[in-house]
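Novice: Kindly generate the corresponding structure for this input.
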Amino acid sequence: MITPAFDLSQNPEYLILSVRVPYTRTSEFDLYIDGTDVKFYAKPYFLRLTLPGRVVEDGREKASFDIDKGLFTVQIPKEIAGEHFEGLQMLTSLLAPRGSRSAKPLLQDINPDCSESVDNEEAQDEEDFDWQVEQEVYVERSEEGLSDLQKYGFGNQRYGVFARLQEELSDVIDVKNPDRTTIAERRQARMHAEASAFSPDHYLADLFEDAEIKRLLKFRSWWTKLCHSPEQEEEPVILFSNEEKEQLRKFTNQSYLLDKTSRYQVWLSLVDIILAYSYEVRSTEGEHNVESPWTIRKLSGTLCWLETYSSLQEVLVSFGRRVLCYPLYRHFEMVSAAISDTVAVLRSGRACILKCLLDIHKVFRQNDPAYILNDLYITDYCIWIQRLKSKKLSALAAALQKVSLQKKDLDLDIEELEEAATMVVEEEDGASKSASEYHTSSHSGDSSSSEEDDESEVEGQAHAESGGGESSKDSPLNPQHTSAVCVSIQQERALTILSAESKVDTLPQAPEGARPLIQELGELRISQEFNGSPKAERKCSQQSVVSSGGSSSGSLLESSPHRNPLLIVQKQEDPHTQDVIS
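Specialist: As a prediction, the model looks like this:
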């Protein structure tokens, strides 16, 4: 039997069911209504729904069939007029559970009332769930116990998946051997890889040249435009596209048996995945590109390292470290913006989260071999989230908003790195200021010397003109006297130029109070090379490369070719100056 495409809507009096059944005859339609159970049959289509509210069959039903579109529409009266049915958009959760085709043994309830008691107990646990759960001290386990820890996926319920997918393994996750690597080993390897990947040059380039970052921070995602406040009890109305509805109908409705610890880990991994998705949406301004699958799975420790978290603080620290290590824009403000976006998504309810998960599912589905992550995590999350209560999501959003993430928590020494870089920038500004002062004083000396020469020349000419009784050889028109005066003036000007250029050639020095501080940091290198020949070029370069906690992977210019290096100070002599001096 084929499950047809269907959609549900409502008004105060009726529940409206639309089913697309092309190439069928109305004489073969069969509709069954009983409380929350609705069945529809039209060969070869069969649909069975479990509604969130009760409906009745009392003769007020209205049905129509559009032959051209093959669309059957029926209006079913509500048992209680005016009642609002929640979750009609969660199409997967409305479908009746299908029979399992797994070879694993099925769990059966001996006591018929056992299922109800388990559901009540689980609901009570969720209502009293403490997000600030206490962390346990690590306990060394035996080899027999370690064999049970090699699990991953949604709720850590999968194992042995990558044993047959070794070719696609390196393109999906960073764990070398997930089926043989424990949770503690994964975490240690992840943190080591992040520390090795962190580039101080890239981080400082984004820190000081942040025009693009500021533009991205002004971007508003689609979920921030929803008319919803924390005081509202009802979720905002979110519309799903036909493609998203089709994908929801393809999912298999199933239940997940999770203990309290597993449920807590599922919640934390959900936050981790939404954080990575929020960053990707902001960095691309809502337009996915070919790098989107890589960005989402790279920023999520859950997807990239099969990580299992124990607290919200752990999730934020992991996400913050990965943002500063891997993507194009590595700025702490981008981390804060992604956290705020995630809080908004969680606060908007399960429909908003489901739409985000469906978008991630589509991005991975269109990328090979990222579809494996759909099978491990995203598909299960799309099904599981439809059964949750909005109160749980609001509580999670409130808990996430209260968690504080600071730069020092990331353990990348970025505060010391920023402080050292700021000192270098201030040193550069001081050197530039000193150079400008030297140039100003040099120009003023040139102008004063020129004025004195001009005044002496004018006085000499006036004295010669006033002495009428003098001989003709003392006249200004005498060539010998004119030549002597010109030679004298040229000599004086040449000496003035030589003096001025000697001042310019001197490299401006930093203030006396600043040099010992920079030398103490050991992060400023000044090299000068002089050639004894008076006609040789002389170059004076000052270059500082600031690194923190480890060796840099290259100069700022090499790591960020599209940016102007701010932390490189360089001064070269003008070749024309050398010609004048020589």
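
Novice: mind listing the strands for this protein?
Specialist: 5-10, 14-20, 30-42, 45-55, 62-66, 71-77, 525-529, 539-543, 568-572 (DSSP state E).

Novice: Kindly reformat these as JSON lines containing mean neighbour count.
Specialist: For every residue, glycine as well, the C-beta is placed using N, CA and C. Conversion of the strands of the chain to JSON lines gives the following (neighbours: other CB atoms under 10 Å):
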{"stretch": "strand 5-10", "mean neighbour count": "18"}
{"stretch": "strand 14-20", "mean neighbour count": "19"}
{"stretch": "strand 30-42", "mean neighbour count": "16"}
{"stretch": "strand 45-55", "mean neighbour count": "18"}
{"stretch": "strand 62-66", "mean neighbour count": "12"}
{"stretch": "strand 71-77", "mean neighbour count": "19"}
{"stretch": "strand 525-529", "mean neighbour count": "11"}
{"stretch": "strand 539-543", "mean neighbour count": "16"}
{"stretch": "strand 568-572", "mean neighbour count": "14"}
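
Novice: Turn the ones you listed into CSV, including mean pLDDT and distance to residue 375.
Specialist: Below are the strands of the chain laid out as CSV (pLDDT from 0 to 100; distance: least, CB to CB, whole Å):
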stretch, mean pLDDT, distance to residue 375
strand 5-10, 89, 24
strand 14-20, 91, 28
strand 30-42, 88, 30
strand 45-55, 89, 26
strand 62-66, 90, 37
strand 71-77, 92, 33
strand 525-529, 42, 53
strand 539-543, 38, 51
strand 568-572, 40, 48
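
Novice: of all those, which lies closest to residue 430?
Specialist: Residue 430 lies closest to strand 568-572 among these, at 10.5 Å (CB to CB).

Novice: between the strands of the chain, which gets nearest to residue 405?
Specialist: Nearest to residue 405, of those and by CB to CB, is strand 568-572 at 31.7 Å.

Novice: wait, isn't residue 279 in contact with residue 336?
Specialist: No: with contact defined as CB atoms under 8 Å, residue 279 does not reach residue 336; the gap is 10.8 Å.

Novice: Spit out the contact partners of residue 89.
Specialist: 8, 238, 240, 351, 354 (CB atoms under 8 Å, 6 or more residues apart in numbering).

Novice: Residue 382 and residue 271: what is the separation?
Specialist: Per CB to CB, to the nearest Å, residue 382 is found 16 Å from residue 271.

Novice: Any stretches of the stretch 401-550 of the chain with poor pLDDT?
Specialist: Residues of the stretch 401-550 of the chain meeting the criterion pLDDT under 70: 438-550.

Novice: coming back round to it: which one of residue 279 and residue 336 has more residues nearby?
Specialist: Per other CB atoms under 10 Å, whichever of residue 279 and residue 336 has more neighbours is residue 279, with 27 against 13.

Novice: Grab the nearest non-local neighbour of that one.
Specialist: Leaving out its chain neighbours, the residue that sits closest to residue 279 by CB to CB, 6 or more residues apart in numbering is residue 338, at 4.3 Å.

Novice: surely the one you found meets residue 272?
Specialist: No: between residue 338 and residue 272 there is no contact under CB under 8 Å: 11.0 Å.

Novice: number of nearby residues for the residue nearest to residue 279?
Specialist: For residue 338, the neighbour count with other CB under 10 Å is 25.

Novice: Quick one, grab the pLDDT at it.
Specialist: pLDDT for residue 338: 97.

Novice: Tell me which of the strands of the chain lies nearest to residue 369.
Specialist: Here strand 5-10 is closest among the strands of the chain (CB to CB), at 29.0 Å.

Novice: Partner strands of that closest one and their direction?
Specialist: strand 14-20 (antiparallel) (DSSP bridges).

Novice: separation between residue 5 and residue 73?
Specialist: Counting by CB to CB, the gap from residue 5 to residue 73 is 13 Å.

Novice: hang on, the earlier thing: would you reformat the contacts of residue 89 as a markdown table and include distance to residue 294?
Specialist: As requested, the contacts of residue 89 are exported to a markdown table (distance: CB to CB, whole Å):
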| residue | distance to residue 294 |
| --- | --- |
| 8 | 37 |
| 238 | 27 |
| 240 | 26 |
| 351 | 28 |
| 354 | 24 |
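
Novice: which one of these is nearest residue 220?
Specialist: Relative to residue 220, the closest of those is residue 238; by CB to CB it sits at 16.2 Å.

Novice: Which residues are in contact with that closest one?
Specialist: By CB under 8 Å, 6+ apart, the contact set of residue 238 is 89, 226, 348-349, 351-352, 355.

Novice: Among those residues, which one lies nearest to residue 366?
Specialist: Lowest distance from residue 366 to these (CB to CB) belongs to residue 355, with 17.0 Å.

Novice: Setting aside sequence neighbours, what's the nearest residue to the closest one?
Specialist: residue 238 (5.9 Å).

Novice: ok so, going back, list the contacts for the residue nearest to residue 279?
Specialist: Residue 338 sits next to 275, 278-279, 282, 319, 323 when contact means CB under 8 Å, 6+ apart.

Novice: can you pick the most crowded of those?
Specialist: Neighbour counts for the contacts of residue 338 (other CB under 10 Å) peak at residue 275, which has 29 neighbours.

Novice: Hmm, residue 300 and that residue touching each other?
Specialist: Yes: applying CB under 8 Å, one finds residue 275 in contact with residue 300, separated by 7.3 Å.

Novice: anything in contact with each of these two?
Specialist: residue 319.

Novice: ok, and for stretch 360-372, which residues are buried?
Specialist: Under the neighbour-count criterion of 16 or more other CB atoms under 10 Å, stretch 360-372 has 360-365, 367, 370-372 buried.

Novice: and stretch 322-331, what's its mean pLDDT?
Specialist: On average, stretch 322-331 scores 96.

Novice: Not counting that stretch itself, show me its contacts.
Specialist: By CB under 8 Å, 6+ apart, stretch 322-331 touches 194, 197-199, 202-203, 206-207, 210, 212-213, 216, 279, 283, 295, 298-301, 304, 332, 334-335, 338, 410, 412, 414.

Novice: cool, stretch 358-370 as well?
Specialist: For stretch 358-370, contacts defined as CB under 8 Å, 6+ apart pick out 165, 168, 171-172, 240, 243-244, 247-248, 273, 277, 288, 292-293, 296-297, 371, 373-374, 378-379, 382.

Novice: What's the end-to-end length of stretch 298-318?
Specialist: The straight-line separation of the ends of stretch 298-318 (CA to CA, to the nearest Å) is 11 Å.

Novice: out of the contacts of residue 238, who's nearest residue 403?
Specialist: Nearest to residue 403, judged by CB to CB, of the contacts of residue 238 is residue 348 at 19.0 Å.

Novice: What's the separation between the closest one and residue 407?
Specialist: Applying CB to CB, the value for residue 348 to residue 407 is 29 Å.

Novice: out of those two, which sits in the more crowded spot?
Specialist: Neighbour tally, residue 348 and residue 407, criterion other CB under 10 Å: the higher count belongs to residue 348, 23 against 16.

Novice: Nearest spatial neighbour of residue 274, chain-adjacent residues omitted?
Specialist: Nearest residue to residue 274, sequence neighbours excluded (CB to CB, 6+ apart): residue 342, at 4.9 Å.

Novice: okay, now that neighbour: neighbour count?
Specialist: 30.

Novice: ditto for the one 5 residues further on
Specialist: The number of residues packed near residue 347 is 24, by other CB under 10 Å.

Novice: Can you mark which positions in stretch 324-342 are buried?
Specialist: For stretch 324-342, by 16+ other CB under 10 Å, it's 324-327, 329-332, 334-335, 337-339, 341-342.
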